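Novice: what would the 3D arrangement of this be:
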Amino acid sequence: MTNEIRTAHSDETDEIMELIAKCVLVMQEGGSDQWDDSYPNREVIRGDIERGTLFTAVEDGQIAGIIVLDENQAPEYESIHWTLHTGPHLIMHRLAVHPEIQGKGIARKLIAFAENMADLKGYQSIRLDTYAKNTKALELYTRLGYERRGEVHFPDRTEVFPVFEKRCNVR
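Specialist: Numbering: from 1, shown residues only. As a prediction, the model looks like this:
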């Protein structure tokens, strides 16, 4: 099995959208409405690819997972009591693993990739939010040393989104 994490290419948009659609189906079957037909949509994913912030985990020539890494914090993050107030901070978005191969450590590899990038580029911390009903993600982030710093409420959403932070090993 070939493992590679790299920047996504524009000609992979359809394959990425297919992965997202399968993830949405599994989420909804499990009672989570975090993602749906309107988010994350093709426009969002194209923008991520154009900015060079969407990374893919490729296994045997197929996209097995995705993650978006940038410095774009939601305005709602301003209400959080972070441990580190000076930056820069790397923000993790849209982590997804193809449902047919979940449980094989791909999410961990994508997060390790993010942590390595953060260390190499001098980020002070990694920050992220996830859906309160996404118990697998909540357990994973906690297990990997991310500290829950609070929760945010996004416009047009009634649910809360726990926010996490992990200090980087700044060189």
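Novice: just give the closest residue to residue 58, not the sequence neighbours.
Specialist: Spatially, and ignoring its direct neighbours in sequence, residue 58 is nearest to residue 4 (4.6 Å; Cβ to Cβ, 6 or more residues apart in numbering). Heads up, the C-betas are built off the backbone N, CA and C, glycines and all.
Novice: so what's the residue count around that neighbour?
Specialist: Per other Cβ atoms under 10 Å, the neighbour tally for residue 4 reads 10.
Novice: wait, doesn't it sit right on residue 60?
Specialist: No: the criterion here is Cβ atoms under 8 Å, and residue 4 misses it with residue 60 at 10.2 Å.
Novice: ok, for residue 96, nearest residue in space, not its chain neighbours?
Specialist: Excluding its sequence neighbours, the residue lying closest to residue 96 (Cβ to Cβ, 6+ apart) is residue 23, at 4.8 Å.
Novice: what lies in contact with the biggest helix by length in the chain?
Specialist: In the chain, taking DSSP state H as the definition, the longest helix is helix 13-29. By Cβ atoms under 8 Å, 6 or more residues apart in numbering, the residues outside helix 13-29 that reach it are 8, 33-37, 40, 42, 45-46, 49, 54, 56, 62-63, 65-66, 96-100, 134.
Novice: repeat that for 6 Å
Specialist: 34, 35, 42, 45, 63, 96, 98, 99 (Cβ atoms under 6 Å, 6 or more residues apart in numbering).
Novice: which residue is the nearest non-sequential neighbour of the third one?
Specialist: The spatially closest residue to residue 42, leaving aside those adjacent along the chain, is residue 17, at 5.8 Å (Cβ to Cβ, 6+ apart).
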